[in-house]
Each structure stands twice: as C-alpha cells, then as structure tokens.
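*Asks:* quick check, what structure comes out for this input:
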Amino acid sequence: MALSEPGTSLFEEESDAIKEELSRLHAQVSARFTALLDLNGQIIHLLGESQGLDTTSLATLIAGSMAATGGLAKLLGENEFSILFHEGERDNLHVALVAQRWILVVLFDRRSSIGLVRLKAKKSVDVLVPLVQKTFGRSSEERRARQSSPLSEITEEDIERLFT
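*Replies:* Residues are numbered from 1 along each chain as shown. As a prediction, the model looks like this:
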C-alpha cells in the first residue's frame, strides 16, 4: 500500500483501527462513500458506494485540490486550510486534512446534513491523527534501524556470489 512517504506501510493494528473509524463515520453520516487517501491521491481505505465512480481519478483530483488549497493558504498568510467542502445538486463532498499526511473524504447526499458531516468528520480526524503519528513514527524508526544495520548494505548480488 503506497503512502505519501516512501517506505511507509500500515501495520494490521493501524489498518484495523482506520477501517473501524471510517466505518463508524460512514454509518453515522449515511455517507455514499468514505475514503482515506495519502497526499499523492493513493487510496488507503475506501468503503461505500463507489460503483460507477472513477475512484482513482477522484482521489488524484482531491489530492491536487488539497495541494492547491495549501498554496492558497500560504498566499493568504494562513498555515493551512484543513477542510474543503463542495456542494452539488445531488452530492456533497467533505474533505479534511489529517495531520498533514492523509486526506479524509466523505461523499454524502441529502440523507445527511452538512453540519452533521462536519461534526462527525472532525471527531474522526481526532481519532485518525494518533494513527498517522504512530504509522509515520514507526516507519521512520524502521528506516533508521535498517540504515544503521550492517546487513542493510548487503545486496541480493552479494548473496548470489556467496552461493556460486
């Protein structure tokens, strides 16, 4: 699973906690779909009604939109604009930045209200932030350990030469 930082992967514990939180949010707001993306637009988790949607393109465009919004924030002297909202005739899209690493996306229709989605998404972001920190903290520690290990310099070619 690709995340926004090379060498970063989710452990089962974090993955299960993310799925549980997204499922809770999805049900509470009657979302059409709920997703967690990395900053490159790679889908980490997605649930709900995604048939007929090009989720790959949607995720990429959302990530690009968040990047552009970051540029707008800087131009206006803000650190960030952490939430985007798009209102359509049928569907609405709530997008929230999670600890500058992930993007929470909720697509919802008239079955839910904007206020409810904002409130519940904020609570979900609060739950997801420690998972981001744990995931990226663990990945950094693992990279440092691999780099400091004397075995990290051994390549597959070295191993092949031992047996030939």
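
*Asks:* what segments of the protein are strands?
*Replies:* 33-38, 43-48, 83-87, 92-98, 102-108 (DSSP state E).

*Asks:* my guess is residue 132 contacts residue 98, does it?
*Replies:* Yes: with contact defined as Cβ atoms under 8 Å, residue 132 reaches residue 98; the gap is 5.8 Å. Using the backbone N, CA and C atoms, a C-beta is placed for each residue, glycine as well.

*Asks:* closest to residue 157 out of the strands of the chain?
*Replies:* strand 33-38 (32.1 Å; Cβ to Cβ).

*Asks:* follow-up on the earlier one: common neighbours of residue 132 and residue 98, please.
*Replies:* Both residue 132 and residue 98 lack any common contact, where contact means Cβ atoms under 8 Å, 6 or more residues apart in numbering.

*Asks:* that older thread, now the strands of the chain in TSV, with mean neighbour count and mean pLDDT?
*Replies:* Output for the strands of the chain, formatted as TSV (neighbours: other Cβ atoms under 10 Å; pLDDT from 0 to 100):
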stretch	mean neighbour count	mean pLDDT
strand 33-38	23	95
strand 43-48	18	93
strand 83-87	13	95
strand 92-98	21	96
strand 102-108	24	96
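
*Asks:* mind putting those into a markdown table with distance to residue 115?
*Replies:* Below are the strands of the chain laid out as a markdown table (distance: least, Cβ to Cβ, whole Å):
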| stretch | distance to residue 115 |
| --- | --- |
| strand 33-38 | 17 |
| strand 43-48 | 20 |
| strand 83-87 | 11 |
| strand 92-98 | 11 |
| strand 102-108 | 12 |
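
*Asks:* can you check which of the ones you listed gets nearest to residue 76?
*Replies:* Checked against Cβ to Cβ, the stretch from the strands of the chain lying closest is strand 83-87, at 14.7 Å.

*Asks:* convert the C-alpha atoms of that closest one to CSV, please.
*Replies:* Provided in CSV are the C-alpha atoms of strand 83-87 (Å, rounded to 0.1, in the frame of the first residue of the first chain):
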residue,chain,number,x,y,z
ILE,A,83,-11.2,21.5,5.3
LEU,A,84,-12.7,21.7,1.8
PHE,A,85,-16.4,21.5,1.1
HIS,A,86,-18.0,21.1,-2.3
GLU,A,87,-21.8,21.4,-2.6
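
*Asks:* each with direction, which strands does that strand pair with?
*Replies:* Taking DSSP bridges as the criterion, strand 83-87 forms sheet pairs with strand 92-98 (antiparallel).
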